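J.: Sequence and computational prediction follow.
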Amino acid sequence: MASARRWLCLILAAAAAAAASGAPAPEDDPGMPMAARHRCWMARVGRTYADAAEKARRFEVFRANAERIDAANRAGDLTYTLGLTPFADLTADEFRARHLMPDADVDEPATARVLFEQEEKAAKQHLPPSRPPAVWGSKDWRDLGAVTPVQDQDKNNCNSCWAFAAVAATEGLIKIETGNVTPLSAQQVLDCTGGDNTCKGGHIHEALRYIATASAGGRLSTDTSYRPYDGEKGTCAAGSGSASSSSVAVVIRGVQKVTPHDKDALRAAVERQPVAADMDSSDPEFRGFKGGRVYRGSAGCGKKRNHAVAVVGYGTASDGTPYWLLKNSWGTDWGENGYMRIAVDADCGVSSRPAYPFV
């Protein structure tokens, strides 16, 4: 009987996936018994538990999250839809510990600011135009082939979003410069970026600087020429003989910071290429975001940073809301197949300190 129920869940999930984009998963149906919703959700995300006691404990967390999500969707006050993402059996504290970086000030410290000022003096010619196009318009680098598939950082609870964001920005630039899509190794960036850039968090600017250094030395690896991503920071193997030589045909010469808190400057940059950005993802609804409409951060969202994403486009929603298009690294079961459209005027700090590589 248990096996039959599992297959039913899988069939229902497949039917939902085959339907029009945004179709809810069967376990998102509030009319389904909670135990059945949990079983269907487990089948969809591949969740298993060590024993019956752990499953029972996780079920209670799942129940509380599902009831909160159902109530929020029923109230109709949100500009988007919540759902049972892969984080549905985690408490808020567990989610924060496993998937977000430690909170940091939204602005960089003075020492980092001095370093960026030095970099900018040598790279002013790489700044995007001072103003973006007069009309808001739209840009989606996915449509132009400059965005690789969404990845999932969640192996061994590794908070490596900073590496994936930097890699996504660089992949976009390489496509623009060469016409070729070249998936890069986030594992290499995790292993080889020094300092406090680890599975406990890191810095997109330092990751981009490492990528530039590795590129200049011919050590920038593709995702197939370095060891597969395993969610653990290991010994840097770039150039050691244990990693194959890269086929990346572009030399990344440096990193350019976008003017902090300047949304027009960010739009001008994204008009030219994908951009890496820090943000605040601690809103309770963020982990349950399933799309449908544009996400709007709370009034307090954006006063700190604890996550990193790639800004791969911008546009205007059907209700007239301007948005940034974000590529996340939480897999395709979160958000709109791994992406989020977030309101420009409530963007949780996306525009606070973005950066991009240049050639």
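T.: Structure's in. What do you need? Numbers count the residues shown, from 1 in each chain.

J.: residues in contact with the nearest residue to Lys303 once chain neighbours are set aside?
T.: In space, and not counting its chain neighbours, Lys303 is closest to Val106: 6.0 Å by C-beta to C-beta, 6 or more residues apart in numbering. (C-beta placed from N, C-alpha, C; glycine too.) By C-beta atoms under 8 Å, 6 or more residues apart in numbering, Val106 lies in contact with 278, 280, 302-305, 349, 352-353.

J.: ditto for Val312
T.: Contacts of Val312 by C-beta under 8 Å, 6+ apart are 140-142, 146-147, 168, 172, 270, 274, 325-327, 339.

J.: and Ala269, what element?
T.: In this assignment (DSSP states H and E), Ala269 forms part of helix 263-272.

J.: tell me what that helix is packed against?
T.: Under the contact criterion of 3 or more C-beta pairs under 8 Å, 6 or more residues apart in numbering; DSSP states H and E, helix 263-272 touches strand 275-279, strand 307-316.

J.: What confidence value was assigned to the residue nearest to Lys303?
T.: Val106 carries a pLDDT score of 73 in this model.

J.: and what of Ala243?
T.: pLDDT, Ala243: 49.

J.: swap in the one 3 residues further on?
T.: For Ser246, the pLDDT comes out at 55.

J.: do Gly31 as well
T.: For Gly31, the predicted pLDDT is 88.

J.: Begin at 50 from now on, thanks
T.: Sure, I'll start numbering at 50, so the last one becomes Gly80.

J.: three-state assignment of it?
T.: Classification of Gly80 using DSSP: H, G, I helix; E, B strand; the rest coil returns coil.

J.: I'd like the distance between it and Arg86.
T.: Separation of Gly80 from Arg86 (C-beta to C-beta, to the nearest Å): 10 Å.

J.: more crowded one of those two?
T.: Arg86 (25 against 6; other C-beta atoms under 10 Å).

J.: Could you pull up the residues touching the nearest residue to Ile118 once chain neighbours are set aside?
T.: Among residues not flanking Ile118 along the chain, Leu131 sits closest, at 4.5 Å (C-beta to C-beta, 6+ apart). Taking C-beta under 8 Å, 6+ apart as the criterion, Leu131 is in contact with 118, 121-122, 334, 337-339.

J.: In helices, which of the residues you listed appear?
T.: 118, 121-122 (DSSP state H).

J.: where exactly do the strands run in this structure?
T.: 130-131, 153-154, 188-189, 303-306, 324-328, 338-340, 353-354, 356-365, 371-376, 388-392, 404-407 (DSSP state E).

J.: Who are the packing partners of the last one?
T.: It refers to strand 404-407. helix 210-227, helix 253-265, strand 303-306, strand 324-328.

J.: packing partners for the second one?
T.: Judged by 3+ C-beta pairs under 8 Å, 6+ apart, the packing partners of helix 253-265 are helix 210-227, helix 235-241, strand 303-306, strand 324-328, strand 404-407.

J.: any idea which of the ones you listed is most buried?
T.: strand 324-328 (a mean of 30; mean count of other C-beta atoms under 10 Å).

J.: and that strand, average pLDDT?
T.: 98.

J.: circling back to that earlier point, Lys104 is nearest to which of the helices and strands packed on helix 253-265?
T.: helix 210-227 (28.7 Å; C-beta to C-beta).

J.: how about Ala153, what does it touch?
T.: Contacts of Ala153 by C-beta under 8 Å, 6+ apart are 353-355.

J.: Among the contacts of Val155, name the buried ones.
T.: 327, 329, 351, 353-354, 398, 401-402 (16 or more other C-beta atoms under 10 Å).

J.: now the residues you listed in TSV, with distance to Gly244?
T.: Putting the buried ones among the contacts of Val155 into TSV (distance: C-beta to C-beta, whole Å) gives the following:
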residue	distance to Gly244
Asp327	16
Asp329	22
Gly351	25
Lys353	20
Arg354	17
Gly398	22
Ser401	21
Arg402	17
